[in-house]
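S.K.: I'd like to go over a predicted model; first the sequence, then the structure.
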Amino acid sequence: MQPCRDWMENVGWISRAITETKPLMSATPTPASAPTLFKNVARSSAAYSIPFVVQRLAGFLLIPITTRFLTPSDFGIVDLLDQALTVIALLLGIRFASALGYFYFKEEAAVSRQRIASTAILGAALVGTGAALLNWPFPAQLSRLVFGNASAAPYVRIALLTWPTGFAAEALFGLLRLKNRTGMYNLVSIMSLALRITAMLVLLVLLRLRVAGMLYSSVVTATLTTLFLSAYTFRSMPLVFDFRTFGRMAKYAMPLGVGSIATLIIHFGDRFFLPHYRPLAELGVYVLAYKIGMLMSFFYASFDSYWSAQIFQIFQREDSDRIFARMFTYVMLGLSSIGLALVVCAHPVLRIMVAPAYRGAAALIPVIVLAYFVRATGDFLRSVFMVTGRTGCDAITNWIGSLVCLASYWLLIPRFGAWGAAWATVLAFAIIAAISAVWTFRIRHYQLESGRLVKIGLGLGVAFLPYLALAGSSVAAQIAIAAASLAAFPAALWTLRFATPGEVQNARAGVYAVLHKLRW
């Protein structure tokens, strides 16, 4: 009976997500208690991780198909075109949808929030349409800018077709996150992924459209997803556009778009520097290490899907400073756990899964993990910029880090190759985190749980001691050492009495609840 009951619960969840009649815009609810809020964060972060996992798994499973129907040059065209148009979209699109949360939670009346949400959605579509029309007459010029010739001009215009609906979809998904509608968010995200895969299989496999097929599948997906979400959203609120609100949103969002370009430079600039000074084989090893190290960002992205939308409301609470400090501690604990797992498991996993030529990536992974640990720290602190409307500070901080990164690439990559690229990334994110810490503290004098943060650091130090014996060990020994390191971290935290009595009680209650559910 249990499988049948589980199946019925899943069907009921999908049905509720689609037919939900509760208005998307409602009055501000009574603030939850701090423990309840932390539970909601954990639950929602786990829920928001589902689309990330499904997307990565789908991408992995599609590799045999895409590599069969796309040539290496086709892959290059799709990737470069996507990166180039992303930069242009950030410049012209100004990340308009990012302004929704700031203005939404400044209003208390449901009618005012409806006006803000509707203006953000329609404004995002308007900005996307304007940006696409601005670039539409110049496909050949854009192709020469990216590829050095006009051969990709037809593909440029196909890619531009995604902007109007794609920008609107970002605002629509943002509204779901503001209302914490994780069920609908995940359902539409997975439906959108399934639609894109279906369109890609038809256009790429059956019609053999190659690059055009990949791009048209994105157009179809963005259009249908936006239509579905629009129908769901505007059934419970009027279609309103406020020009004054639109202008205020654009002013708020513009620095974010400019700052995002600086972040892209840090993420992808090393790919352009390395081939000029080192063999492509070294680049391949570095890219593999980077992809594994960047798994750190998946953990934080799942959390940030909730936090970046809800922080505007959380900062209106009387206990917001205490919640901010406690949440920072939890984020550091989660990042430390994920980072430890990635570092100590890298050696045995790569020994088993990749060819010997790629195993050098294991040595680079700790540096990449450190970089994205530091990056997440800075991202969390910079949320203060968002909630206080200091988006210009965010852009300045990112650009300082970007300039430091470019200078570090120029100084370190010619001499140290992939190691120089990795440490340049660490340095850039460290500069961003340091500036963010100083600047945000001046804006809002928050206090962190320094004693508990020290305990996390000491626990990590103990956990990494077995890792020092990994080099030269057999695969079996490396697996045993990794297991010892993973077990040592919670043991050290327990010895240091990291958990508060309330956290211990909640953990026990959670374990009992799970055991009770499994028994029944």
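M.R.: All right, it came through fine. All values derive from a computational prediction rather than experimental measurement.
S.K.: Under the pLDDT cut-off, which ranges of the chain? List them.
M.R.: Residue ranges of the chain with pLDDT under 70: 1-32, 60, 63, 93-94, 280, 469-472, 510, 513-520.
S.K.: center of it - which residue?
M.R.: residue 301 (3.5 Å; C-alpha atoms, centre = their mean).
S.K.: which residue packs closest to that one, ignoring adjacent ones?
M.R.: residue 52 (6.4 Å; C-beta to C-beta, 6 or more residues apart in numbering). C-betas here are computed from N, CA, C, even on glycine.
S.K.: Repeat that for residue 424.
M.R.: Nearest to residue 424 is residue 408, by C-beta to C-beta, 6+ apart, at 3.4 Å.
S.K.: ok, now how distant is that neighbour from residue 374?
M.R.: Counting by C-beta to C-beta, to the nearest Å, the gap from residue 408 to residue 374 is 14 Å.
S.K.: circling back to that earlier point, could you count how many residues lie near the residue nearest to residue 424?
M.R.: 23 (other C-beta atoms under 10 Å).
S.K.: still on that earlier bit, so what secondary structure elements neighbour the strand or helix carrying the residue nearest to the centre of the chain?
M.R.: Using DSSP states H and E, the element containing residue 301 is helix 295-314. Under the contact definition 3 or more C-beta pairs under 8 Å, 6 or more residues apart in numbering; DSSP states H and E, helix 295-314 sits against helix 34-61, helix 100-104, helix 163-178, helix 320-353, helix 361-387.
S.K.: Thought residue 298 was touching the residue nearest to residue 301, still the case?
M.R.: Yes. Using C-beta atoms under 8 Å, residue 52 is in contact with residue 298, at 5.3 Å.
S.K.: Contact partners for the residue nearest to residue 424?
M.R.: Contacts for residue 408 (C-beta atoms under 8 Å, 6 or more residues apart in numbering) come out as 420, 423-424, 427-428.
S.K.: Next step: the residues you listed restricted to helices.
M.R.: Per DSSP state H, helices hold the following members of the contacts of residue 408: 420, 423-424, 427-428.
S.K.: Can you give me the distance of the residue nearest to residue 301 to residue 197?
M.R.: 16 Å.
S.K.: coming back round to it: in a markdown table: the helices and strands packed on helix 295-314, plus distance to residue 251 and mean neighbour count.
M.R.: Output for the helices and strands packed on helix 295-314, formatted as a markdown table (distance: least, C-beta to C-beta, whole Å; neighbours: other C-beta atoms under 10 Å):
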| stretch | distance to residue 251 | mean neighbour count |
| --- | --- | --- |
| helix 34-61 | 29 | 15 |
| helix 100-104 | 11 | 23 |
| helix 163-178 | 17 | 24 |
| helix 320-353 | 25 | 19 |
| helix 361-387 | 14 | 23 |
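S.K.: Which one, of those, ends up nearest to residue 250?
M.R.: helix 100-104 (11.3 Å; C-beta to C-beta).
S.K.: Can I get that closest one in CSV, CA atoms only?
M.R.: Extracted C-alpha coordinates of helix 100-104, given in CSV (Å, rounded to 0.1, in the frame of the first residue of the first chain):
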residue,chain,number,x,y,z
LEU,A,100,11.0,43.0,-8.3
GLY,A,101,11.7,41.9,-4.7
TYR,A,102,13.0,45.2,-3.5
PHE,A,103,9.9,47.2,-4.6
TYR,A,104,7.5,44.3,-3.9
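S.K.: which residues sit against it?
M.R.: Under C-beta under 8 Å, 6+ apart, the answer for helix 100-104 is 113, 116-117, 120, 171, 174-175, 178, 245, 248-249, 252, 308-309, 311-312, 386-387, 389.
S.K.: centre of the chain versus stretch 266-282, how much separation?
M.R.: With C-alpha atoms, centre = their mean, to the nearest Å as the basis, stretch 266-282 stands 23 Å off its chain's centre.
S.K.: What of stretch 251-268?
M.R.: Distance, centroid of stretch 251-268 to centroid of chain: 14 Å (C-alpha atoms, centre = their mean).
S.K.: So for that stretch, what gets flagged as buried?
M.R.: 252-263, 265-267 (16 or more other C-beta atoms under 10 Å).
S.K.: So which of those sit within helices?
M.R.: Those of those lying in helices (DSSP H): 252-263, 265-267.
S.K.: now, which of the residues you listed sits nearest residue 289?
M.R.: For those, the nearest to residue 289 is residue 267 (14.2 Å; C-beta to C-beta).
S.K.: Residue 327: what's it in contact with?
M.R.: 38, 41, 307, 380.
S.K.: can I get those residues in CSV with distance to residue 208?
M.R.: Listed next are the contacts of residue 327 as CSV, based on distance: C-beta to C-beta, whole Å:
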residue, distance to residue 208
38, 52
41, 47
307, 44
380, 46
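S.K.: What is the nearest of these to residue 398?
M.R.: The closest of the contacts of residue 327 to residue 398 turns out to be residue 380 (C-beta to C-beta; 14.6 Å).
S.K.: Return the distance of that closest one relative to residue 311.
M.R.: 10 Å.
S.K.: One more: residue 210?
M.R.: Taking C-beta to C-beta, one finds residue 210 at 43 Å from residue 311.
S.K.: between those two, who's got more neighbours?
M.R.: A side-by-side neighbour count of residue 210 and residue 311, using other C-beta under 10 Å, places residue 311 first with 23 against 17.
S.K.: Show the contacting residues for the more buried one.
M.R.: So residue 311 contacts 101, 383, 386-387 (C-beta under 8 Å, 6+ apart).
S.K.: Farthest pair within these?
M.R.: Going by C-beta to C-beta, the pair spanning the contacts of residue 311 furthest: 101 and 383, at 10.5 Å.
S.K.: In what element of secondary structure is residue 73 found?
M.R.: Under the criterion of DSSP H and E, residue 73 resides in helix 72-93.
S.K.: Which elements pack onto that helix?
M.R.: Secondary-structure packing of helix 72-93 (3+ C-beta pairs under 8 Å, 6+ apart): helix 110-135, helix 139-147, helix 153-160, helix 163-178, helix 211-233, helix 243-277.
S.K.: With distance to residue 504 as added columns, please give those helices in a markdown table.
M.R.: Below are these laid out as a markdown table (distance: least, C-beta to C-beta, whole Å):
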| stretch | distance to residue 504 |
| --- | --- |
| helix 110-135 | 39 |
| helix 139-147 | 56 |
| helix 153-160 | 53 |
| helix 163-178 | 31 |
| helix 211-233 | 42 |
| helix 243-277 | 39 |
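S.K.: now the nearest residue to residue 295 once chain neighbours are set aside: how far from residue 325?
M.R.: Residue nearest to residue 295 in three dimensions, not counting chain neighbours: residue 342, with 6.0 Å by C-beta to C-beta, 6+ apart. Using C-beta to C-beta, we find residue 342 at a distance of 26 Å from residue 325.
S.K.: cool, and residue 353?
M.R.: For residue 353 relative to residue 325 (C-beta to C-beta), the value is 40 Å.
S.K.: go on, residue 53?
M.R.: From residue 53 to residue 325 the distance is 30 Å (C-beta to C-beta).
S.K.: Hmm, residue 170 is touching residue 124, no?
M.R.: Yes. Counting by C-beta under 8 Å, residue 124 is a contact partner of residue 170 at 6.3 Å.
S.K.: any shared contact partners between those two?
M.R.: residue 97.
S.K.: just to revisit the earlier point, just the element for the residue nearest to residue 424, please.
M.R.: helix 391-416.
S.K.: just residue 137 next, same as before
M.R.: Judged by DSSP H and E, residue 137 forms part of no helix or strand.
S.K.: May I have the phi/psi pair for it?
M.R.: For residue 137, the backbone dihedrals (degrees, to the nearest 10) come out as phi -70, psi -10.
S.K.: Would you check how far apart it and residue 37 are?
M.R.: When residue 137 is compared with residue 37 (using C-beta to C-beta), they lie 50 Å apart.
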